[in-house]
Structure formats: structure tokens, C-alpha cells
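Visitor: here are the coordinates; sequence isn't available:
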């Protein structure tokens, strides 16, 4: 089946720094990718939709200047958490639907800890 | 607005017992519903979707529009079924999923 990878799997950074998380579709092309955030013992909350060749669309309440999304190619989307603060510490997960198929494939997630 | 409700955070059953994980939804359009599963230390993966009407790993789920439910059932629980289960609703346009809060299923020997 289709595989989505994320890098890094975990990252620790100092408050005020920026962190970039990559999401790749390994064996299929994805014109759209999704970024989720998951707090401990809570559900996945959709943050934004990454669109190849155009701007990302953000869910209500998500700061676009805080969470920069770039969909550079049909297999790569990046999420940059800018000027990270401790409250940004979370588990970030991406997903990608294979083109023409409704099923979404999820990455393994990236755990971010901001000190 | 769309919403997915999973009332149980934790469901504990004995091996061989029937399992029912509850999911209710609210959505103004025609719903497409999914069950996703996350085994320990693994990524989220699709278990089944209502439009395919199939049984995966012995699990089934029937969409009941009258009760706005999509409960996940299995007649005989196995130890390997222990995992986190999420019910999800596909919103119209854009392939976006709304997830429930998840139910942790624990199958005890």
C-alpha cells in the first residue's frame, strides 16, 4: 500500500526558534496533503490543507503565520512552526490521499517539544 | 457544523466477547464515514469505510442514518484487536476528515 513518511520523528527545540517538519508520499503523488495536530489522549484536529502549486488553506483558529505550509512538489509538503513556544508542543501528523482514491494514508507523526 | 462523537474513552472486554465501539455523527450533507485504527507505536491506518460495506479483521460497521450512528462491531474480540479506534467523517468537498475523540479498546485474556 501507499506510504507516507515524516521527518523528523521527534524534535526538541528552544522557545523562539523555528522548526520544519517534512511530509513525503513515497510511492504516489499527492496534490493535497493534510496536517493534523494531536494533543495527548485527544483526537486529531485538522490544522490545514496543503495544496501543491497554491496556497494552503487553514482551518478556523489556526494561525497561518505561525504554521507555514509549503507544498513544493507532488510528493513533499513541509510544515514550519515559526517562533515556537511551549504551547506548540504537540504531535503533528500529516496525511495524503492517493490521487483519485478517497483513502488517506497517514504519516507516523512528529513529536515536537519546545522548551 | 459536522461533529463525530465517540462516547467511550476506554472499552475493556474479555477475549472472545463481542465488541461494539460507538460512533455518532452530525452532518447536514450525505455522510461518508470511516473507522481508523492505531495499534501501539504504529501510525493511523484505515480499518473500514461504510461505502465499501466490507468486513475487515472481523469488524463490521453499518451506517444508520436514522440514528446518525456508525458503530463498529466484532462478534468475538481477539487480543490483537487492542488498539485505539477513531471514527471519522469525510466532509463534503476537499477530502477533509473530522475525527472523533477515539476509543481505546483493551482486550483482556
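Guide: Alright, I've got the coordinates. These numbers were taken from a predicted model, which means no experiment stands behind them. Residues are numbered from 1 along each chain as shown, chains lettered A, B, ... in the order given.
Visitor: Please count neighbours and contacts with C-alpha atoms only from this point.
Guide: OK.
Visitor: Now do the same contact list for residue B:65.
Guide: For residue B:65, the contact set (Cα atoms under 8 Å, 6 or more residues apart in numbering or on different chains) is empty.
Visitor: Can you list the low-confidence ranges for the chain?
Guide: Picking chain A for this. Where chain A drops to pLDDT under 70, the residues are A:100-102.
Visitor: Not quite, go with chain B.
Guide: Using pLDDT under 70, the flagged stretches of chain B are B:93.
Visitor: Please repeat the previous calculation with a cut-off of 90.
Guide: Within chain B, the ranges that satisfy pLDDT under 90 run B:1-2, B:28-32, B:41, B:49-56, B:62, B:90-96.
Visitor: Alongside chain A, which residues does it contribute?
Guide: B:42, B:43, B:44, B:45, B:46, B:95, B:97, B:98, B:99, B:100, B:101, B:102 (Cα under 8 Å from any Cα of the partner chain).
Visitor: Quick check: residue B:41 vs residue A:38, distance?
Guide: 15 Å (Cα to Cα, to the nearest Å).
Visitor: Between those two, which is the more surrounded one?
Guide: residue A:38 (18 against 8; other Cα atoms under 10 Å in any protein chain shown).
Visitor: Do a quick rundown of the strands in the chain.
Guide: You didn't say which chain, so I picked chain A. For chain A, strands defined by DSSP state E occupy the ranges A:4-7, A:10-13, A:19-25, A:32-38, A:44-51, A:57-58, A:67-73, A:76-81, A:90-97, A:104-106, A:110-114.
Visitor: Hmm, no, I was thinking of chain B.
Guide: B:3-5, B:10-14, B:19-21, B:24-26, B:32-38, B:45-49, B:60-61, B:72-74, B:83-90, B:97-99, B:103-108.
Visitor: does stretch A:70-82 come close to chain B?
Guide: No: using Cα under 8 Å from any Cα, we find that stretch A:70-82 stays clear of chain B, coming within 15.9 Å at best.
Visitor: Next, the buried residues of that stretch.
Guide: Buried residues in stretch A:70-82, counted by 16 or more other Cα atoms under 10 Å in any protein chain shown: A:70, A:71, A:74, A:75, A:76, A:77, A:78, A:79, A:80, A:81, A:82.
Visitor: How about stretch B:20-34?
Guide: For stretch B:20-34, by 16+ other Cα under 10 Å, it's B:20, B:21, B:22, B:23, B:24, B:25, B:27, B:31, B:32, B:33, B:34.
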